[in-house]
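S.K.: Sequence first, then the predicted structure, then my questions.
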Amino acid sequence: MKKLGALFLSIFMVMSVFTTAHAAEKPVGVWIDRTEVKLGNSNPVVEKGTTLVPMRPLLEKLNVNMNWNKKTQTVTGTKNGLALSLTIGSTTATVNGEKKKLEVAPKTINNVTYVPVRFIGETIGYKVEWSAAQRTITFVANNEAAGSNGFLWKVENNGNTVYLLGSIHVANDKMYPLRPEIEAAFEASQYLGVEVDLTKVDQTEMQKFLAEKGSYTDGTKLKDHVSADTYNKVVAVLKANGLAGNAFDSYKPWVVTQGISSLQMQTTDYTPDTGIDLYFTQKAGKLNKPIIELENMQLQLNMFNQFSDGLQEKLLLDTLDSLKQTDNAAATASLDALSQMWMQGDEQSLVAMTQAVAKEPEYYKGLVSDRNANMVKHVKEYLNSDKKATYLVIVGALHMLGDDGIVTQLQKDGFNVVKQ
(Lines give C-alpha, C1' and ligand atoms only; values in the text may rest on other atoms or scores of the structure.)
Protein backbone atom coordinates (compact mmCIF):
# COMPACT_ATOMS: atom_id res chain seq x y z
CA MET A 1 0.00 0.00 0.00
CA LYS A 2 2.95 2.31 -0.49
CA LYS A 3 1.04 4.24 -3.16
CA LEU A 4 -1.44 5.41 -0.55
CA GLY A 5 1.04 7.89 0.83
CA ALA A 6 1.17 10.06 -2.28
CA LEU A 7 -2.56 10.56 -2.57
CA PHE A 8 -2.77 12.61 0.64
CA LEU A 9 -0.79 15.36 -1.02
CA SER A 10 -3.85 16.35 -3.03
CA ILE A 11 -6.98 14.97 -1.44
CA PHE A 12 -8.79 17.95 0.05
CA MET A 13 -10.17 19.64 -3.06
CA VAL A 14 -10.61 16.28 -4.77
CA MET A 15 -12.85 15.15 -1.93
CA SER A 16 -14.97 18.27 -2.05
CA VAL A 17 -15.54 17.80 -5.76
CA PHE A 18 -16.53 14.16 -5.47
CA THR A 19 -19.02 14.84 -2.70
CA THR A 20 -20.79 17.44 -4.82
CA ALA A 21 -20.72 15.49 -8.05
CA HIS A 22 -24.49 15.22 -8.30
CA ALA A 23 -25.26 18.94 -8.39
CA ALA A 24 -28.27 19.92 -10.45
CA GLU A 25 -27.60 20.47 -14.15
CA LYS A 26 -27.33 24.12 -15.05
CA PRO A 27 -27.87 25.92 -18.37
CA VAL A 28 -24.95 26.14 -20.74
CA GLY A 29 -22.84 29.24 -20.11
CA VAL A 30 -20.64 31.13 -22.56
CA TRP A 31 -17.41 32.83 -21.42
CA ILE A 32 -15.29 35.23 -23.48
CA ASP A 33 -12.03 36.71 -22.22
CA ARG A 34 -12.82 35.20 -18.79
CA THR A 35 -16.14 37.05 -18.56
CA GLU A 36 -19.53 35.39 -18.83
CA VAL A 37 -21.77 36.46 -21.69
CA LYS A 38 -25.15 37.51 -20.30
CA LEU A 39 -27.71 35.63 -22.39
CA GLY A 40 -30.77 36.63 -20.39
CA ASN A 41 -33.61 34.14 -20.61
CA SER A 42 -32.49 32.74 -23.97
CA ASN A 43 -30.46 29.63 -23.27
CA PRO A 44 -28.19 27.98 -25.86
CA VAL A 45 -29.64 25.07 -27.83
CA VAL A 46 -27.95 22.02 -29.35
CA GLU A 47 -28.82 20.59 -32.75
CA LYS A 48 -26.96 17.71 -34.40
CA GLY A 49 -24.10 18.19 -31.97
CA THR A 50 -23.78 21.91 -32.76
CA THR A 51 -24.45 24.53 -30.10
CA LEU A 52 -26.32 27.65 -31.14
CA VAL A 53 -26.45 30.75 -28.95
CA PRO A 54 -28.31 34.08 -29.08
CA MET A 55 -26.57 36.16 -31.73
CA ARG A 56 -26.83 39.70 -30.39
CA PRO A 57 -25.25 39.31 -26.91
CA LEU A 58 -22.52 37.10 -28.38
CA LEU A 59 -21.50 39.50 -31.15
CA GLU A 60 -21.77 42.52 -28.88
CA LYS A 61 -19.44 40.86 -26.36
CA LEU A 62 -17.02 40.14 -29.21
CA ASN A 63 -17.17 43.83 -30.26
CA VAL A 64 -18.45 42.87 -33.70
CA ASN A 65 -20.28 45.63 -35.59
CA MET A 66 -23.62 44.17 -36.70
CA ASN A 67 -25.97 45.00 -39.53
CA TRP A 68 -29.30 43.15 -39.79
CA ASN A 69 -31.13 42.90 -43.12
CA LYS A 70 -34.70 42.05 -42.25
CA LYS A 71 -35.68 41.43 -45.87
CA THR A 72 -33.00 38.82 -46.56
CA GLN A 73 -32.84 37.63 -42.94
CA THR A 74 -29.08 38.12 -43.07
CA VAL A 75 -26.72 39.45 -40.43
CA THR A 76 -23.43 41.00 -41.44
CA GLY A 77 -20.65 41.51 -38.94
CA THR A 78 -17.36 43.38 -39.22
CA LYS A 79 -14.34 43.61 -36.93
CA ASN A 80 -10.74 44.63 -37.60
CA GLY A 81 -10.91 44.01 -41.35
CA LEU A 82 -12.93 40.83 -41.00
CA ALA A 83 -16.38 40.59 -42.60
CA LEU A 84 -18.78 37.71 -42.11
CA SER A 85 -22.41 37.10 -42.92
CA LEU A 86 -24.97 34.47 -41.97
CA THR A 87 -28.52 33.98 -43.17
CA ILE A 88 -31.39 32.45 -41.23
CA GLY A 89 -32.09 28.95 -42.52
CA SER A 90 -28.95 28.74 -44.68
CA THR A 91 -25.97 26.47 -44.03
CA THR A 92 -23.76 28.70 -46.17
CA ALA A 93 -21.94 31.59 -44.52
CA THR A 94 -19.38 33.96 -45.99
CA VAL A 95 -16.11 35.14 -44.47
CA ASN A 96 -14.34 37.94 -46.33
CA GLY A 97 -16.29 36.94 -49.44
CA GLU A 98 -15.41 33.26 -49.19
CA LYS A 99 -18.22 30.75 -48.71
CA LYS A 100 -18.11 28.56 -45.60
CA LYS A 101 -20.22 25.47 -44.89
CA LEU A 102 -22.11 25.38 -41.59
CA GLU A 103 -23.09 22.15 -39.85
CA VAL A 104 -26.34 23.77 -38.69
CA ALA A 105 -28.06 26.85 -40.10
CA PRO A 106 -28.80 29.93 -37.98
CA LYS A 107 -32.40 30.03 -36.82
CA THR A 108 -34.95 32.14 -34.98
CA ILE A 109 -36.51 30.92 -31.72
CA ASN A 110 -39.10 33.10 -29.98
CA ASN A 111 -37.95 36.12 -32.00
CA VAL A 112 -34.33 35.55 -30.96
CA THR A 113 -31.71 34.83 -33.63
CA TYR A 114 -29.40 31.91 -32.84
CA VAL A 115 -26.03 31.29 -34.51
CA PRO A 116 -23.45 28.45 -34.32
CA VAL A 117 -21.16 29.46 -31.49
CA ARG A 118 -18.05 27.56 -32.58
CA PHE A 119 -18.16 29.00 -36.10
CA ILE A 120 -18.44 32.54 -34.75
CA GLY A 121 -15.66 32.09 -32.20
CA GLU A 122 -13.17 30.45 -34.54
CA THR A 123 -13.91 32.93 -37.33
CA ILE A 124 -13.20 35.85 -35.00
CA GLY A 125 -9.92 34.21 -33.98
CA TYR A 126 -10.67 32.36 -30.76
CA LYS A 127 -10.13 28.79 -29.70
CA VAL A 128 -13.51 27.46 -28.55
CA GLU A 129 -13.52 24.93 -25.70
CA TRP A 130 -16.40 22.92 -24.25
CA SER A 131 -16.53 21.59 -20.68
CA ALA A 132 -19.27 18.99 -20.26
CA ALA A 133 -18.70 18.94 -16.51
CA GLN A 134 -19.07 22.68 -16.02
CA ARG A 135 -21.48 23.07 -18.97
CA THR A 136 -19.51 26.01 -20.27
CA ILE A 137 -18.31 27.16 -23.68
CA THR A 138 -15.10 29.13 -23.33
CA PHE A 139 -13.53 31.42 -25.92
CA VAL A 140 -9.74 31.50 -25.52
CA ALA A 141 -7.78 33.96 -27.65
CA ASN A 142 -5.23 32.10 -29.77
CA ASN A 143 -2.60 34.68 -28.84
CA GLU A 144 -3.71 34.87 -25.22
CA ALA A 145 -0.88 35.06 -22.71
CA ALA A 146 -3.01 35.90 -19.71
CA GLY A 147 -3.19 32.34 -18.43
CA SER A 148 -5.48 30.86 -15.82
CA ASN A 149 -7.27 33.34 -13.58
CA GLY A 150 -7.21 31.46 -10.28
CA PHE A 151 -8.25 33.19 -7.05
CA LEU A 152 -5.86 35.92 -5.92
CA TRP A 153 -6.21 38.66 -3.29
CA LYS A 154 -3.86 41.22 -1.73
CA VAL A 155 -3.81 42.49 1.87
CA GLU A 156 -1.51 45.17 3.29
CA ASN A 157 -0.88 46.20 6.89
CA ASN A 158 1.96 47.69 8.95
CA GLY A 159 4.29 47.71 5.94
CA ASN A 160 3.64 44.05 5.20
CA THR A 161 1.92 42.58 2.15
CA VAL A 162 0.20 39.21 1.94
CA TYR A 163 -0.98 37.78 -1.34
CA LEU A 164 -3.61 35.07 -0.88
CA LEU A 165 -3.85 32.47 -3.63
CA GLY A 166 -6.63 29.89 -3.50
CA SER A 167 -5.21 26.82 -5.19
CA ILE A 168 -6.22 23.38 -6.30
CA HIS A 169 -3.94 20.55 -5.33
CA VAL A 170 -4.28 18.52 -8.53
CA ALA A 171 -4.11 19.92 -12.04
CA ASN A 172 -3.15 19.17 -15.61
CA ASP A 173 -1.09 21.00 -18.21
CA LYS A 174 -4.12 22.89 -19.55
CA MET A 175 -4.11 25.06 -16.42
CA TYR A 176 -0.80 26.64 -17.37
CA PRO A 177 0.42 29.27 -17.91
CA LEU A 178 -0.92 31.25 -14.97
CA ARG A 179 -1.86 34.89 -15.50
CA PRO A 180 1.01 37.36 -14.97
CA GLU A 181 -0.47 38.80 -11.75
CA ILE A 182 -0.09 35.43 -10.02
CA GLU A 183 3.49 34.96 -11.17
CA ALA A 184 4.26 38.57 -10.19
CA ALA A 185 2.91 37.96 -6.68
CA PHE A 186 5.32 35.06 -6.32
CA GLU A 187 8.24 37.11 -7.65
CA ALA A 188 7.46 39.97 -5.25
CA SER A 189 7.28 37.73 -2.18
CA GLN A 190 10.13 37.05 0.20
CA TYR A 191 8.25 34.13 1.76
CA LEU A 192 6.01 31.39 0.40
CA GLY A 193 3.34 30.09 2.78
CA VAL A 194 1.66 26.74 2.05
CA GLU A 195 -0.48 24.23 3.92
CA VAL A 196 2.29 21.64 3.77
CA ASP A 197 5.67 21.72 2.06
CA LEU A 198 5.05 18.76 -0.24
CA THR A 199 8.71 18.57 -1.21
CA LYS A 200 9.66 17.78 2.40
CA VAL A 201 7.02 15.15 3.25
CA ASP A 202 8.64 12.12 4.86
CA GLN A 203 7.03 9.13 3.15
CA THR A 204 8.37 6.76 5.80
CA GLU A 205 6.70 8.76 8.56
CA MET A 206 3.49 8.91 6.57
CA GLN A 207 3.46 5.14 6.13
CA LYS A 208 4.09 4.75 9.84
CA PHE A 209 1.15 7.03 10.61
CA LEU A 210 -1.12 5.11 8.26
CA ALA A 211 -0.11 1.85 9.90
CA GLU A 212 -0.76 3.21 13.40
CA LYS A 213 -3.79 5.45 12.86
CA GLY A 214 -5.29 4.47 9.53
CA SER A 215 -5.51 0.72 9.97
CA TYR A 216 -7.27 -1.60 12.40
CA THR A 217 -5.00 -3.06 15.07
CA ASP A 218 -7.62 -4.96 17.06
CA GLY A 219 -8.01 -7.87 14.66
CA THR A 220 -11.10 -6.45 12.95
CA LYS A 221 -11.38 -5.64 9.26
CA LEU A 222 -13.09 -3.00 7.13
CA LYS A 223 -16.15 -5.21 6.64
CA ASP A 224 -16.68 -5.26 10.42
CA HIS A 225 -17.08 -1.46 10.47
CA VAL A 226 -19.15 -0.69 7.37
CA SER A 227 -22.33 -2.09 5.88
CA ALA A 228 -22.21 -5.10 3.59
CA ASP A 229 -23.34 -2.90 0.70
CA THR A 230 -20.48 -0.44 1.22
CA TYR A 231 -17.92 -3.21 1.55
CA ASN A 232 -19.14 -4.96 -1.60
CA LYS A 233 -18.84 -1.71 -3.55
CA VAL A 234 -15.23 -1.33 -2.37
CA VAL A 235 -14.45 -4.87 -3.48
CA ALA A 236 -16.02 -4.21 -6.88
CA VAL A 237 -13.92 -1.08 -7.43
CA LEU A 238 -10.72 -2.85 -6.45
CA LYS A 239 -11.38 -5.77 -8.78
CA ALA A 240 -12.32 -3.41 -11.60
CA ASN A 241 -8.89 -1.81 -11.17
CA GLY A 242 -7.04 -5.11 -11.25
CA LEU A 243 -6.47 -5.37 -7.49
CA ALA A 244 -7.41 -8.01 -4.97
CA GLY A 245 -10.86 -7.49 -3.51
CA ASN A 246 -9.43 -7.54 0.02
CA ALA A 247 -6.59 -5.08 -0.66
CA PHE A 248 -8.10 -2.44 1.65
CA ASP A 249 -9.39 -4.81 4.34
CA SER A 250 -6.98 -3.61 7.02
CA TYR A 251 -7.71 0.08 6.56
CA LYS A 252 -10.27 2.44 8.06
CA PRO A 253 -12.91 3.98 5.77
CA TRP A 254 -11.14 7.35 5.55
CA VAL A 255 -8.01 5.70 4.16
CA VAL A 256 -10.06 3.59 1.77
CA THR A 257 -11.84 6.72 0.53
CA GLN A 258 -8.53 8.33 -0.35
CA GLY A 259 -7.33 5.10 -1.96
CA ILE A 260 -10.40 4.82 -4.17
CA SER A 261 -10.10 8.47 -5.19
CA SER A 262 -6.43 7.97 -5.97
CA LEU A 263 -7.16 4.95 -8.16
CA GLN A 264 -9.70 6.93 -10.14
CA MET A 265 -7.39 9.94 -10.48
CA GLN A 266 -4.77 7.69 -12.04
CA THR A 267 -7.14 7.15 -14.99
CA THR A 268 -7.15 10.90 -15.73
CA ASP A 269 -4.46 13.37 -16.78
CA TYR A 270 -4.72 15.17 -13.42
CA THR A 271 -1.88 14.80 -10.94
CA PRO A 272 -0.52 16.43 -7.76
CA ASP A 273 2.75 16.92 -9.65
CA THR A 274 1.15 19.77 -11.61
CA GLY A 275 -0.88 21.14 -8.69
CA ILE A 276 -0.68 24.88 -8.08
CA ASP A 277 0.90 24.66 -4.62
CA LEU A 278 3.54 22.13 -5.68
CA TYR A 279 4.33 24.25 -8.75
CA PHE A 280 5.21 27.23 -6.56
CA THR A 281 6.84 25.16 -3.83
CA GLN A 282 9.26 23.72 -6.36
CA LYS A 283 9.95 27.19 -7.80
CA ALA A 284 10.64 28.51 -4.31
CA GLY A 285 13.03 25.64 -3.65
CA LYS A 286 15.06 26.42 -6.76
CA LEU A 287 15.30 30.08 -5.71
CA ASN A 288 16.04 29.25 -2.05
CA LYS A 289 12.97 31.26 -1.12
CA PRO A 290 11.90 30.44 2.48
CA ILE A 291 8.83 28.20 2.69
CA ILE A 292 6.51 28.47 5.69
CA GLU A 293 4.08 25.68 6.57
CA LEU A 294 0.71 26.78 7.95
CA GLU A 295 -0.09 23.17 8.87
CA ASN A 296 1.66 19.81 8.68
CA MET A 297 0.86 16.44 7.16
CA GLN A 298 0.17 14.76 10.49
CA LEU A 299 -2.40 17.42 11.39
CA GLN A 300 -4.17 16.91 8.08
CA LEU A 301 -4.21 13.12 8.39
CA ASN A 302 -5.41 13.34 11.99
CA MET A 303 -8.37 15.38 10.79
CA PHE A 304 -9.61 12.46 8.71
CA ASN A 305 -8.85 9.96 11.44
CA GLN A 306 -10.94 11.91 13.95
CA PHE A 307 -14.08 11.89 11.83
CA SER A 308 -16.86 9.76 13.29
CA ASP A 309 -17.41 6.25 11.95
CA GLY A 310 -20.69 7.38 10.43
CA LEU A 311 -19.11 10.28 8.54
CA GLN A 312 -16.21 8.13 7.36
CA GLU A 313 -18.58 5.62 5.83
CA LYS A 314 -20.75 8.36 4.30
CA LEU A 315 -17.74 9.95 2.60
CA LEU A 316 -16.66 6.54 1.35
CA LEU A 317 -20.12 5.82 -0.05
CA ASP A 318 -20.34 9.27 -1.65
CA THR A 319 -17.02 8.66 -3.36
CA LEU A 320 -18.00 5.18 -4.51
CA ASP A 321 -21.36 6.32 -5.84
CA SER A 322 -20.03 9.42 -7.60
CA LEU A 323 -17.26 7.47 -9.27
CA LYS A 324 -19.70 4.84 -10.54
CA GLN A 325 -17.17 2.16 -9.80
CA THR A 326 -15.76 0.99 -13.14
CA ASP A 327 -16.48 4.19 -15.06
CA ASN A 328 -13.76 6.83 -14.75
CA ALA A 329 -15.89 9.44 -16.57
CA ALA A 330 -17.27 10.79 -13.29
CA ALA A 331 -13.80 11.31 -11.87
CA THR A 332 -12.67 13.13 -14.99
CA ALA A 333 -15.84 15.22 -15.11
CA SER A 334 -15.46 16.26 -11.47
CA LEU A 335 -11.85 17.27 -11.96
CA ASP A 336 -12.71 19.04 -15.21
CA ALA A 337 -15.30 21.09 -13.34
CA LEU A 338 -12.78 21.99 -10.65
CA SER A 339 -10.16 22.90 -13.24
CA GLN A 340 -12.59 25.04 -15.25
CA MET A 341 -13.72 26.83 -12.10
CA TRP A 342 -10.14 27.68 -11.19
CA MET A 343 -9.06 28.75 -14.67
CA GLN A 344 -12.04 31.11 -14.91
CA GLY A 345 -11.70 32.36 -11.34
CA ASP A 346 -15.38 31.51 -10.88
CA GLU A 347 -16.10 32.72 -7.35
CA GLN A 348 -19.78 31.86 -7.59
CA SER A 349 -19.00 28.19 -8.19
CA LEU A 350 -16.37 28.24 -5.45
CA VAL A 351 -18.85 29.58 -2.90
CA ALA A 352 -21.41 27.00 -4.04
CA MET A 353 -18.85 24.27 -3.48
CA THR A 354 -18.12 25.58 0.01
CA GLN A 355 -21.83 25.68 0.81
CA ALA A 356 -22.23 22.11 -0.44
CA VAL A 357 -19.53 20.91 1.96
CA ALA A 358 -21.18 22.90 4.78
CA LYS A 359 -24.29 20.74 4.46
CA GLU A 360 -22.35 18.06 6.35
CA PRO A 361 -21.53 19.95 9.60
CA GLU A 362 -18.92 17.56 11.01
CA TYR A 363 -17.11 17.36 7.69
CA TYR A 364 -17.22 21.13 7.18
CA LYS A 365 -15.94 21.82 10.70
CA GLY A 366 -12.97 19.51 10.32
CA LEU A 367 -12.11 20.18 6.71
CA VAL A 368 -12.87 23.90 6.50
CA SER A 369 -13.84 26.06 9.47
CA ASP A 370 -11.40 24.78 12.12
CA ARG A 371 -8.50 24.89 9.69
CA ASN A 372 -9.51 28.31 8.39
CA ALA A 373 -9.30 29.75 11.89
CA ASN A 374 -5.71 28.52 12.18
CA MET A 375 -4.80 29.85 8.74
CA VAL A 376 -6.29 33.28 9.50
CA LYS A 377 -4.21 33.37 12.69
CA HIS A 378 -1.03 32.84 10.67
CA VAL A 379 -1.95 35.45 8.05
CA LYS A 380 -2.65 38.02 10.77
CA GLU A 381 0.75 37.33 12.28
CA TYR A 382 2.38 38.08 8.93
CA LEU A 383 0.35 41.27 8.49
CA ASN A 384 1.01 42.55 12.01
CA SER A 385 4.70 41.69 12.20
CA ASP A 386 7.55 44.18 12.13
CA LYS A 387 9.30 42.44 9.22
CA LYS A 388 7.93 44.76 6.51
CA ALA A 389 7.89 41.70 4.27
CA THR A 390 5.84 40.32 1.40
CA TYR A 391 4.29 36.86 1.53
CA LEU A 392 2.48 34.67 -0.97
CA VAL A 393 0.18 32.34 0.98
CA ILE A 394 -1.22 29.44 -1.04
CA VAL A 395 -3.95 27.22 0.40
CA GLY A 396 -6.84 25.27 -1.08
CA ALA A 397 -9.40 27.54 -2.74
CA LEU A 398 -12.10 25.98 -0.57
CA HIS A 399 -10.64 27.93 2.37
CA MET A 400 -10.97 31.39 0.84
CA LEU A 401 -14.63 32.37 0.55
CA GLY A 402 -17.92 31.67 2.32
CA ASP A 403 -18.92 32.59 5.86
CA ASP A 404 -15.76 31.14 7.41
CA GLY A 405 -13.40 31.87 4.53
CA ILE A 406 -10.00 33.45 5.08
CA VAL A 407 -10.90 36.44 2.91
CA THR A 408 -14.21 36.85 4.72
CA GLN A 409 -12.65 36.63 8.19
CA LEU A 410 -9.93 39.14 7.37
CA GLN A 411 -12.52 41.57 6.06
CA LYS A 412 -14.58 41.16 9.21
CA ASP A 413 -11.48 41.96 11.24
CA GLY A 414 -11.02 45.25 9.42
CA PHE A 415 -8.40 44.36 6.84
CA ASN A 416 -8.78 45.69 3.30
CA VAL A 417 -8.65 42.60 1.10
CA VAL A 418 -8.35 43.53 -2.57
CA LYS A 419 -9.12 41.09 -5.35
CA GLN A 420 -6.31 40.95 -7.92
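M.R.: Right, received. Where do you want to start?

S.K.: residue furthest from the geometric center of this structure?
M.R.: Computed with CA atoms, centre = their mean, the residue of the chain farthest from its C-alpha average is Lys71, at 47.1 Å.

S.K.: Where does it sit: helix, strand or coil?
M.R.: For Lys71, the assignment made with DSSP: H, G, I helix; E, B strand; the rest coil gives coil.

S.K.: what's in contact with stretch 62-74?
M.R.: For stretch 62-74, the surrounding residues in contact (CB atoms under 8 Å, 6 or more residues apart in numbering) are 32, 55-56, 59-60, 75-79, 85-89, 120, 124, 139. Every C-beta, even on glycine, is put in place using the N, C-alpha and C of the backbone.

S.K.: Quick one: neighbours of the residue lying closest to Lys239 once chain neighbours are set aside, just the number.
M.R.: Nearest non-adjacent residue to Lys239, counting by CB to CB, 6 or more residues apart in numbering: Gly245, 5.3 Å away. The tally of other residues near Gly245 (other CB atoms under 10 Å) stands at 14.

S.K.: mind listing the strands for the stretch 1-150 of the chain?
M.R.: Secondary structure of the stretch 1-150 of the chain (DSSP state E, counting those that start in this stretch): strands located at 29-32, 35-36, 45-47, 50-54, 65-69, 74-79, 82-87, 92-95, 98-101, 107-109, 112-116, 126-131, 136-141.

S.K.: The residue nearest to Lys239: what's it in contact with?
M.R.: 235, 238-239.

S.K.: if you look at those residues, which of them are in helices?
M.R.: 235, 238-239 (DSSP state H).

S.K.: Quick one: residues contacting the closest residue to Thr257 other than its chain neighbours.
M.R.: The shortest distance from Thr257 to any non-neighbouring residue, by CB to CB, 6+ apart, is to Leu316 (4.6 Å). Taking CB under 8 Å, 6+ apart, we find Leu316 in contact with 226, 230, 234, 253-254, 256-257, 260.

S.K.: Then Leu52?
M.R.: If a contact means CB under 8 Å, 6+ apart, then Leu52 has 44-46, 104, 106-107, 114-117 as its contacts.

S.K.: distance of the closest residue to it other than its chain neighbours from Thr74?
M.R.: Distances taken as CB to CB, 6+ apart put Tyr114 closest to Leu52, at 3.9 Å, once the chain neighbours are dropped. Shown here: Tyr114 relative to Thr74, a distance of 15 Å by CB to CB, to the nearest Å.

S.K.: Comparing the two, which shows the higher neighbour count?
M.R.: A direct count of neighbours by other CB under 10 Å for Tyr114 and Thr74 places Tyr114 higher, at 23 against 17.

S.K.: At which residues are the helices of the stretch 201-350 of the chain located?
M.R.: Assigned by DSSP state H, counting those that start in this stretch, the stretch 201-350 of the chain shows helices spanning 203-213, 228-240, 253-265, 276-286, 297-305, 309-323, 329-344, 347-358.

S.K.: thinking again about what came up before, tell me the pLDDT at the residue nearest to Thr257?
M.R.: Per-residue pLDDT puts Leu316 at 93.

S.K.: Next: Glu103.
M.R.: Per the predicted model, pLDDT is 91 at Glu103.

S.K.: Show the contacting residues for it.
M.R.: Glu103 sits in contact with 48-50, 91, 116, where contact means CB under 8 Å, 6+ apart.

S.K.: same thing with Ala188?
M.R.: Applying CB under 8 Å, 6+ apart to Ala188 gives the contacts 161, 163, 390, 392.

S.K.: ok, the first one touching Trp153?
M.R.: Just to be clear, that refers to Thr161. No: in this structure, Thr161 is not within contact of Trp153 by CB atoms under 8 Å, at 11.1 Å.

S.K.: what residue lies at the spatial centre of this structure?
M.R.: Centroid-nearest residue in the chain: Leu338, 2.3 Å away (criterion: CA atoms, centre = their mean).

S.K.: What's the PyMOL line that selects buried ones from the contacts of Glu103?
M.R.: Selection command for PyMOL covering only the buried members of the contacts of Glu103, criterion 16 or more other CB atoms under 10 Å:
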select buried, resi 116
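
S.K.: What distance do you get for Ala211 to Trp254?
M.R.: 14 Å.
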